[in-house]
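Asks: Starting from these lines, generate the structure:
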Amino acid sequence: MKRLLLASVFALSTVGLVACGDESGNAMDPIGDWGVAEQSPGNAHLSFAKDGTYRGHDGCNTIMGDWTASADEVTLEPGITTMVGCPDGFQSPETVTVDGDDLVGHAGGKDLWTITRR
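Replies: Numbering: from 1, shown residues only. A predicted model of the protein is given here:
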């Protein structure tokens, strides 16, 4: 009976850990190139590398830095960026989320743009 109880507790705790999202493959995966079909000045596009770095354009400035993924979002740690005068109210993304083949940029609790996997 004790073995059955221990096996049940172990099985339930394992299911709970998998559901939480962790570094074992349950984190959101942004690796690759994202953008619009026709690149032109002012269009957002990002590339995420396996080494945890990203680079691209946020719609106003060239951006690059490091990224970390959780089960819910990808956090962008700013690195080098250009300092072009952007329109009033413009925000660079703080996080992105992957929704199928769409990448959505977020800042200040708002959706900034949606680009697709290339």
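
Asks: which residues does the spatially most central residue of the chain bridge with?
Replies: In the chain, the C-alpha nearest the mean C-alpha coordinate belongs to Val74, at 2.8 Å (Cα atoms, centre = their mean). Beta-bridge partners recorded for Val74 (DSSP bridges): Ala69, Val96.

Asks: unless I'm mixing things up, it is touching Leu46, no?
Replies: No - using Cβ atoms under 8 Å, Val74 is not in contact with Leu46, being 9.9 Å away. For glycine as for every other residue, the C-beta is placed from the backbone atoms N, C-alpha and C.

Asks: which neighbours do these two share?
Replies: Shared contacts of Val74 and Leu46, defined by Cβ atoms under 8 Å, 6 or more residues apart in numbering, are found at Pro30, Val96.

Asks: circling back: show me the contacts for the residue nearest to the centre of the chain.
Replies: Per Cβ under 8 Å, 6+ apart, neighbours of Val74: Met28, Pro30, Phe48, Trp67, Thr68, Thr95, Val96, Thr97, Val98.

Asks: This completes my enquiry, with thanks.
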